[in-house]
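Undergrad: Sequence first, predicted model second:
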Amino acid sequence: MSGCTGGLLTTVGPDYLTTSLNAPSHWSTQTPAFDDSLPSPHQCNPENLKQWWQHFHDPVLSALLSSAQEVSTSVMDAKVRIAQSRAILIGAESALLPTLDFNGGGKRSSASFGGTPFVWNQLPIGVQSSWEIDLFGGLARQEEAAYSQFESRNALWHNARVAVAIEVANAYLDYRYCELQASIIASESSSRQKLAELNKIAAQAGFKATSDVALLDASAAEGNRTLLQQQAQCKKAINGLVAMTGFTEEKVTFLLTQTPEQTAKLPVPPPFNIDTIPAKVLLQRPDIAAAERDVAEASARIGVEQAKRFPKLSLSGNITPTLQNINGAAFFLAETWSIGPTLSLPLFDSGKRAADVEFARTQYESAKSQFYSKVRTAVKEVEEALIRLHSVSERLPQAKQSFDQYQRHFLAMQNLYQVGLGNLIDVETSRRNVLSADMSIKELEKEHISAWIALYRATGGSSNDEQFASYESTQTSPASADLN
């Protein structure tokens, strides 16, 4: 009963009230308009997003995410902390109930008492019980603190899983972007090589200057060098995915190349709206949920320490029947039992218990401060992701327009050179401008996807859906969990 209602006489310590977020009333930046080329946005709040990663429709990304969840040390450490907090919670719950222990044994002894020695056989079988009656709610507060800690650890497990998913998704995005850059550079390098070969033939016939041939050979070599450098960067990106997922390099390479339709293409993120109020969005973040539970735990710890300054009442008893005989005679039964309360009164401790209460209050204030700090950080992260999305949305059309004009200029310069009216240096300069403009477009497209991933992370990562189910629901046994 004390576990349900608190202390038998009273429950010391503050009763916890859910800490207010103190979040702004609205976002200063709204979700930008969606690109018509992208899938239609989810017409729902982000907390209702289901299987966000699956909406990429990218089986390679899904396979990488699944493996990374299984081998991540941060996820495993979070699981260990949950198991630890569960053990603490069970211990706190059991402290509210009586304990019951069984003991048995055997004893053979010899005694004389000044006369003929005799042999004494004893076979005791006993049951002992003890129960601390929670007079002032200290044990109830201990259970409250343990349960809050357990909820915090569960939220941090969610947070670890989301963080791993974000890390792998960004690494996968980096590889596809690197692959796309290599494709553009390879195409450009091939074009340079063909032009150099044509000019060599023209020079042999006396239609082109030797200096033009040398310049084009240099341009072709520069293109090959850039391509080799980019391919090396892609190789490093593969090694990064190997480290994150635990797959072999051969398997990662196979996964990345088994779907030609996705080769050298950036993944397409499913957009979503966050038009709801900030407090509703922030509450779904697992790190903020964990911080709020830490505040609740710290509040309960105050009551735990305050209860130590009050009397403690325990009830204990035992029943010990003993079979015994002397010199091999028939066994006879001797029974003993005892029961009684024990009252402990704290008298003098040089102020230690009072200092412990004050320290618990200080920890509570510190937990509140950390909670508010995380809320402010979360607001900042959402706003920054929204700003990034708006910025890319505004810059991308300008970059595409720039590329179109550079492309037109290059084609014009190339035509002039081919009819003998242009300068090869101008042609190569124009070519570099086109390549740079094309790379800028791809970089902005990558930043656009990265901003959506950052917004997904900032709004909580949909950790409350079935993809990131409760740790408890994935438990098949205390020592194992299905992380797929």
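TA: Arrived safely. Numbering: from 1, shown residues only.
Undergrad: ranges for the strands of the stretch 101-250 of the chain?
TA: Along the stretch 101-250 of the chain, the segments classed as strands by DSSP state E, counting those that start in this stretch run 107-111, 118-133.
Undergrad: Report how many residues lie close to the residue nearest to residue 196 when sequence neighbours are not counted.
TA: Using C-beta to C-beta, 6 or more residues apart in numbering and skipping the chain neighbours, the partner closest in space to residue 196 is residue 216 (4.0 Å). To be clear about C-beta, it is placed using only N, CA and C from the backbone, and glycine gets the same treatment. The number of residues packed near residue 216 is 23, by other C-beta atoms under 10 Å.
Undergrad: returning to that earlier point: and the strands of the stretch 101-250 of the chain, which is most packed in?
TA: strand 118-133 (a mean of 15; mean count of other C-beta atoms under 10 Å).
Undergrad: Identify the residues contacting that one?
TA: 2, 8, 95, 97-112, 139, 312-328, 331 (C-beta atoms under 8 Å, 6 or more residues apart in numbering).
Undergrad: Just the buried ones from those?
TA: Using 16 or more other C-beta atoms under 10 Å as the burial test, these include 2, 95, 139, 312-313, 316, 320, 322 as buried.
Undergrad: Keep only those of these that are in strands.
TA: Cross-referencing those against strands under DSSP state E gives 312-313, 316, 320, 322.
Undergrad: Turn those residues into a markdown table, columns for pLDDT and distance to residue 258.
TA: Output for these, formatted as a markdown table (pLDDT from 0 to 100; distance: C-beta to C-beta, whole Å):
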| residue | pLDDT | distance to residue 258 |
| --- | --- | --- |
| 312 | 91 | 67 |
| 313 | 91 | 70 |
| 316 | 91 | 69 |
| 320 | 86 | 72 |
| 322 | 83 | 75 |
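Undergrad: closest to residue 168 among those residues?
TA: Using C-beta to C-beta, residue 312 comes nearest to residue 168 of these, at 52.0 Å.
Undergrad: just checking, residue 455 touches residue 387?
TA: No. Residue 455 is beyond contact range of residue 387, at 10.3 Å (criterion: C-beta atoms under 8 Å).
Undergrad: who has more neighbours, these two?
TA: Neighbours were counted for residue 455 and for residue 387 using other C-beta under 10 Å; residue 455 has more, 22 against 14.
Undergrad: Quick check: chain neighbours aside, which residue is closest to the more buried one?
TA: Closest to residue 455 by C-beta to C-beta, 6+ apart is residue 385, at 3.8 Å.
Undergrad: While we're on that neighbour, how confident is the model there?
TA: Confidence at residue 385, expressed as pLDDT, is 90.
Undergrad: give me every residue that touches it.
TA: Applying C-beta under 8 Å, 6+ apart, the residues contacting residue 385 are 451-452, 454-455, 457-458.
Undergrad: With distance to residue 187 added, can I get the ones in strands among the buried ones among the contacts of strand 118-133 in a markdown table?
TA: Formatted as a markdown table, these follow (distance: C-beta to C-beta, whole Å):
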| residue | distance to residue 187 |
| --- | --- |
| 312 | 80 |
| 313 | 84 |
| 316 | 85 |
| 320 | 90 |
| 322 | 94 |
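Undergrad: now, which of those sits nearest residue 155?
TA: residue 312 (33.6 Å).
Undergrad: quick one: pLDDT of residue 367?
TA: 95.
Undergrad: Would it be right to say that it lies in a helix?
TA: Yes. Under DSSP: H, G, I helix; E, B strand; the rest coil, residue 367 sits within a helix.
Undergrad: Return the residues in contact with the residue nearest the centre of the chain.
TA: Central residue of the chain (C-alpha atoms, centre = their mean): residue 160, 1.9 Å from the mean position. By C-beta under 8 Å, 6+ apart, the contact list for residue 160 reads 72, 74-75, 77-78.
Undergrad: Then residue 177?
TA: 266, 442-443, 446.
Undergrad: go with 7 Å
TA: Counting by C-beta atoms under 7 Å, 6 or more residues apart in numbering, residue 177 makes contact with 266, 442, 446.
Undergrad: List buried residues within the contacts of residue 160.
TA: 72, 75, 78.
Undergrad: for the residue nearest to residue 102 when sequence neighbours are not counted, which residues make a bridge with it?
TA: Spatial nearest neighbour of residue 102, chain neighbours left out: residue 127 (5.7 Å); criterion: C-beta to C-beta, 6+ apart. In this entry, residue 127 is beta-bridged to residue 102, residue 319, by DSSP bridges.
Undergrad: tell me the pLDDT at residue 127?
TA: For residue 127, pLDDT reads 91.
Undergrad: ok, it to residue 337 distance?
TA: Look at residue 127 and residue 337: by C-beta to C-beta, to the nearest Å, they are 9 Å apart.
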